[in-house]
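Engineer: need coordinates for the below:
(one chain, ligands or ions: 1)
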Amino acid sequence: MTGRVALVTGGARGIGAGIAARLAADGFSVVIADQTAPGELPSGCRFRRCDVSDEGDVGELLADIAGGDRRLDALVCNAGIMIRKPLAELTFAEWSRVIATNLTSTYLLARAAEELLRASGGAVVTIASTRARMSEPDTESYAASKGGLLALTHALAVSLGPAIRVNCISPGWIDVSGDALRAEDHEQHPAGRVGRVEDVASLASFLLGPESGFITGAEFIVDGGMTRKMIYAE
Ligand SMILES: NC(=O)c1ccc[n+]([C@@H]2O[C@H](COP(=O)([O-])OP(=O)(O)OC[C@H]3O[C@@H](n4cnc5c(N)ncnc54)[C@H](O)[C@@H]3O)[C@@H](O)[C@H]2O)c1
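Structural biologist: Modelled structure (predicted):
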């Protein structure tokens with residue numbers, strides 16, 4: 001694995017930080033691209049400031065990797081934001097910011113990374129959400145961005161294959177806050193617990209590695225079974 005390079009967006013904290021640490025442990029040299037700097041950098045990782053919704057920023061990021069590392073083997077499109085507001089209060093600017101950050105960014109990244117990924121026979125993992133397929137109230141922009149990301153994933157898989165595989169992970173509730181969780185938070189999950197960043201990172205590692213060569217255009221739900229559970233009021 002030595003010499004392989006991975007790019008993880010939104011890797012300064014949360015799920016992205018977990019994926020970056022896992023890929024570094026797998027032997028990748030990891031570039032963490034984020035608009036804010038990480039508190040601490042796992043070994044094997046370096047930080048590059050980037051707003052993934054900005055075409056110029058993404059272009060410069062990939063130009064730096066092409067000029068410096070001269071290769072890219074794995075791209076993880078993880079950076080994302082959520083705005084939860086009643087439809088009547090959600091401004092057009094807020095809607096557009098969520099779509100740009102969560103969806104358009106993956107188009108910008110894939111386009112800018114295509115040549116490097118083709119050369120290495122690389123792979124892409126996008127991070128959507130179970131909210132691509134189900135909703136709570138007041139989450140229109142987030143749900144739409146993640147539904148779009150599912151579709152963009154299979155479109156890219158078909159356009160970029162066979163050289164580049166593209167898959168999607170849809171997490172459910174993954175604890176990134178560090179807040180205390182209640183017993184019922186865990187117990188409502190068929191798997192018996194809330195998710196951890198490692199649950200997503202281990203799957204990303206598999207999808208970016210050599211053992212998943214026949215898997216592309218697919219969505220993997222990592223939610224402890226929550227989207228398989230029927231809920232009726234008692
Ligand atoms: N945590 C969950 O329960 C959960 C569930 C489903 C999906 N997800 C998805 O997983 C991904 C990571 O979520 P998280 O919970 O770790 O979030 P988080 O808020 O802890 O981390 C997100 C990271 O993305 C970065 N970021 C945001 N906008 C950016 C931009 N424009 N350019 C560059 N970096 C930017 C932030 O600075 C931050 O470091 C997101 O796409 C999110 O939608 C999370």
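
Engineer: just checking stretch 80-99 against the ligand, any contact.
Structural biologist: Yes - Stretch 80-99 lies within reach of the ligand by Cβ under 6 Å from any ligand atom, at 80-81. C-beta here means a position set from N, CA and C on the backbone, and glycine is covered the same way.

Engineer: let me fix that, I meant to ask about stretch 37-49.
Structural biologist: No - remark: stretch 37-49 sits outside contact range of the ligand, by Cβ under 6 Å from any ligand atom, the gap being at least 7.6 Å.

Engineer: and the contacts of the longest helix that the chain contains?
Structural biologist: With secondary structure taken from DSSP state H, the chain has its longest helix at helix 140-160. When contacts are defined by Cβ atoms under 8 Å, 6 or more residues apart in numbering, helix 140-160 is touched by residues 77, 80, 82-84, 87, 90, 94-95, 98-99, 101-103, 106-107, 110, 114, 117-118, 124, 126, 128-129, 131-133, 135, 164-168, 170, 216-217, 219.

Engineer: from the residues you listed, which land in helices?
Structural biologist: Cross-referencing the contacts of helix 140-160 against helices under DSSP H gives 94-95, 98-99, 106-107, 110, 114, 117-118.

Engineer: neighbours of residue 182, how many?
Structural biologist: 10 (other Cβ atoms under 10 Å).

Engineer: for the chain, list the residues in contact with the ligand, please.
Structural biologist: 9-10, 12-16, 34-36, 50-53, 78-81, 101, 127, 129, 171, 173-174, 176.

Engineer: buried subset of these?
Structural biologist: Among those, those buried by neighbour count (16 or more other Cβ atoms under 10 Å) are 9-10, 12, 14-16, 34-35, 50-53, 78-80, 101, 127, 129, 171, 173-174, 176.

Engineer: list the contacts for the spatially closest residue to residue 215 that is not a sequence neighbour?
Structural biologist: Spatial nearest neighbour of residue 215, excluding adjacent residues (Cβ to Cβ, 6 or more residues apart in numbering): residue 167 at 6.1 Å. Residues in contact with residue 167 (Cβ under 8 Å, 6+ apart) are 123-126, 153, 157, 207, 212, 215-220.
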